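> Here you go, sequence then predicted model.
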Amino acid sequence: MNSRIGYIAFNTFREAVRDRVLYNLIAFALLLSGAAILVGEISIDIERLVVVNLGLTAVSLFGVVIAIFIGIGLVSKEIDKRTLYTVLSRPVRRWEFVVGKFFGLTGTLVVNTLLMAIGVLLALLYVAHKFEKMDAWVLVALYFIVLQFLIVCALALFFSSFSTPLMSAVFTFALFVIGSLAEDLRGFARITQGVGGWMATAVAYLVPNFSALNVISQVAHGDAVSGRLILYNSVYALLYSAMAISGAVLIFQRRNLK
Amino acid sequence: MTATRRANLVAAAVLSFSMAGAIATLYAIDHTRRAAVAQQALYVRSSTVLRRMSLGYTGLLADIYWTRAVQYFGEQHHNGSSDYRLLAPLLEVTTELDPRLVPAYQFGANFLAPKPPSGAGQPGAALALMKYGIEHNPGQWRLYYNLGFLYYTELKDYAKAADAFAQGAKLPATNAFMPILAARMAQHAGEFDTARMLWRTTYESTKDPLIRDNAVQHLLALQVDEDVTRLEQVVENYREQTGRLPASMGDLERAAFIHGTPADPQGRPYKLMPDGRIEVQDPESIFFITKGLPPGAAPPQPPYKPPPESK
């Protein structure tokens, strides 16, 4: 990574921390410890399942919310505060600015996820008293969640490169919802004939497929995740993020900032 | 007092008052709308809709629905209600959201099948739930065990119970009791030893303290039922041999029909009644017994016990 991208990424991370983004960890810790202690009292035989399901769902949703709400402001905030002009007046190219912002935000989310992962594992240890072999799959689910963040960050940045923060949030969240239902959409495309079928298929393949990245229920039951899925999901997330970031760069390069 | 300090004090007072008032109002709303809140479960009973609404986070939603089912059953049981109409839909939604949630089948069938007040009195729904569970978890011997248990205890269909145990016994990971249960079910379904083996397997195959306690209660009740059956047979033998009923346990002991004074599992001696029947001293102290009760008395049921405070 070139040093200018590194500086922008680091500053984005520092700004997010200064904006108290990591405070969400307190809510997460309270949620998880509360669930770990309470669920044994109000339900039967699902303590481990709840810790994994609730823990990973919270990691995912907290991260998506952070990705959307920080991602949409990455460009507009710099324009509003006029700091973008200072940055671009130095030998920093526009694409470096966009890519640096992307890495800064994903870095923030990776750190956030790592801290949350420690929380999930501690809660798991509390309810099960020991780690089992199947708990290793929880780490794979966490890795998939990070891949999900890559895509969401890239999308938020893409929309924020040409739209207002509010509309960017709406577009990104809408794509997150549609992408979470991607398998239903593909099923719908399969049973639709003619032009409608073609269009549905095109949409189904263009929207991000978040459902393949969600293996939370699977790992909660201790089921293995295939190596092929790990490989394909990694490649898919990288390609999709690259696509969205490239789109953001293309738009931002042409944007009139005067 | 400065104006700022005065404003702070007023704001703090208003905050405290509003918070207390909001909590009190919510408490009143909860009590007013309890039935309405429970009814909502019927409106969202489509697992397909819920699956889409959950955006793929179905595991967590299934856990929430399972907890709701447990709470619903506990509350209705605690209130002595025989209306369990939401139980089956709640369990259906739970298991359709997460077909691998084995506890929902195991315990759900136990909630559904027994007659009120112990359960919902819906053995058909329990059977459907177990079959759905086995369809989606064919490698779980516990589900075959629960199915066999259901056929045995609630439906009294010993042939199907034997079949369920036999299928469970064939699985690579099974319990050592399964083939024995299958064999016993086929030949000795109504015997105490068979029932004892079933409850012992239940006790040994769960860590849940409430289920274990229930199994212990049933094992104690079986002991009483078996003792009473055996003692009444002894009384009958005495009558055939002497031409009269024994006046006391002492008569039986002197005639060498018994050794010592027989007592129930809690150490209370059994009572010999004038008509030759055997009764327990305190019928309310041993739950689920079907023998040794005063004429016309129903088998005593345990009171509702909430889950333990801590493990």
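Noted; the coordinates are in hand.
> contacts and neighbour counts: CA atoms only from here.
Fine.
> Show me where chain B dips below the pLDDT cut-off.
B:30, B:32-45, B:186-190, B:302-311 (pLDDT under 70).
> Do a quick rundown of the strands in it.
Taking DSSP state E to define them, one finds strands in chain B at B:271-272, B:278-279.
> Could you name the stretch from those that's closest to residue B:90?
Residue B:90 sits nearest to strand B:278-279 of all these, at 41.9 Å, using C-alpha to C-alpha.
> That closest one pairs with which strands, parallel or anti?
Looking at strand B:278-279 with DSSP bridges, its partner strands are strand B:271-272 (antiparallel).
> Work out the gap between the partner strand and the centre of the chain.
Counting by C-alpha atoms, centre = their mean, to the nearest Å, strand B:271-272 is centred 31 Å from the centre of its parent chain.
> Could you list the residues in contact with it?
B:247-249, B:278-281 (C-alpha atoms under 8 Å, 6 or more residues apart in numbering or on different chains).
> could you redo the last one with a cut-off of 10 Å?
Residues outside strand B:271-272 that contact it (C-alpha atoms under 10 Å, 6 or more residues apart in numbering or on different chains): B:228, B:231-232, B:235, B:246-249, B:261-263, B:277-281, B:292.
> Closest residue of the stretch 101-250 of chain A to chain B?
Closest approach between the stretch 101-250 of chain A and chain B, counting by C-alpha to the nearest C-alpha: residue A:217, at 4.7 Å.
> excluding its backbone neighbours, what's nearest that residue?
residue B:59 (4.7 Å; C-alpha to C-alpha, 6 or more residues apart in numbering or on different chains).
> okay but the one you found is in contact with residue A:55, surely?
No - checked against C-alpha atoms under 10 Å, the pair residue B:59 and residue A:55 is beyond contact range at 11.2 Å.
> shared neighbours of the two, anything?
Joint contacts of residue B:59 and residue A:55 (C-alpha under 10 Å, 6+ apart) are A:49, A:216.
> and residue 157, what is it in contact with?
No chain was given, so I picked chain A. A:67-68, A:70-75, A:98-99, A:101-102, A:105, A:151, A:163, A:168, A:172, A:244-245, A:247-249.
> wrong one, I was asking about chain B
B:148-151, B:185, B:189.
> Let me know the helix or strand that the residue of the stretch 101-250 of chain A closest to chain B is in.
Counting by DSSP states H and E, the element that carries residue A:217 is helix A:216-220.
> So which other helices or strands are in contact with the helix or strand just after that helix?
Downstream of helix A:216-220, the first helix or strand assigned by DSSP H and E is helix A:227-254. Identification of packing neighbours for helix A:227-254 by 3 or more C-alpha pairs under 10 Å, 6 or more residues apart in numbering or on different chains; DSSP states H and E yields helix A:94-128, helix A:136-160.
> May I see the buried residues of helix A:227-254?
Of the residues in helix A:227-254, those buried by neighbour count under the rule 16 or more other C-alpha atoms under 10 Å in any protein chain shown are A:230, A:233-234, A:236-237, A:240-249, A:251-252.
> So which residues on chain B come close to chain A?
B:51-64, B:66-71, B:74, B:97-98, B:100-104, B:107, B:206-208, B:210, B:306-311 (C-alpha under 10 Å from any C-alpha of the partner chain).
> Kindly recompute the last result at 8 Å.
Within chain B, the positions near chain A by C-alpha under 8 Å from any C-alpha of the partner chain are B:52, B:55-60, B:63, B:66-67, B:70-71, B:98, B:100, B:103, B:208, B:307-310.
> looking at chain A, which helix or strand is least sure?
Sorting the helices and strands of chain A by mean pLDDT, DSSP states H and E puts helix A:24-42 at the bottom, at a mean of 76.
> How far off centre is stretch A:240-251?
That offset, for stretch A:240-251, works out to 16 Å (C-alpha atoms, centre = their mean).
> Residues contacting that stretch, please?
Contacts of stretch A:240-251 (C-alpha under 8 Å, 6+ apart): A:94-95, A:98-99, A:102, A:150-151, A:154-155, A:157-159, A:161-162, A:208.
> nearest to residue B:165, of those residues?
Using C-alpha to C-alpha, residue A:208 comes nearest to residue B:165 of the contacts of stretch A:240-251, at 46.8 Å.
> Contact partners for residue A:180?
A:209-211, B:55-56 are the contacts of residue A:180 under C-alpha under 8 Å, 6+ apart.
> again, 6 Å this time
Applying C-alpha atoms under 6 Å, 6 or more residues apart in numbering or on different chains to residue A:180 gives the contacts A:210-211, B:55.
> Including neighbour count and distance to residue B:139, could the residues you listed go into TSV?
As requested, those are exported to TSV (neighbours: other C-alpha atoms under 10 Å in any protein chain shown; distance: C-alpha to C-alpha, whole Å):
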residue	neighbour count	distance to residue B:139
A:210	26	30
A:211	20	26
B:55	18	29
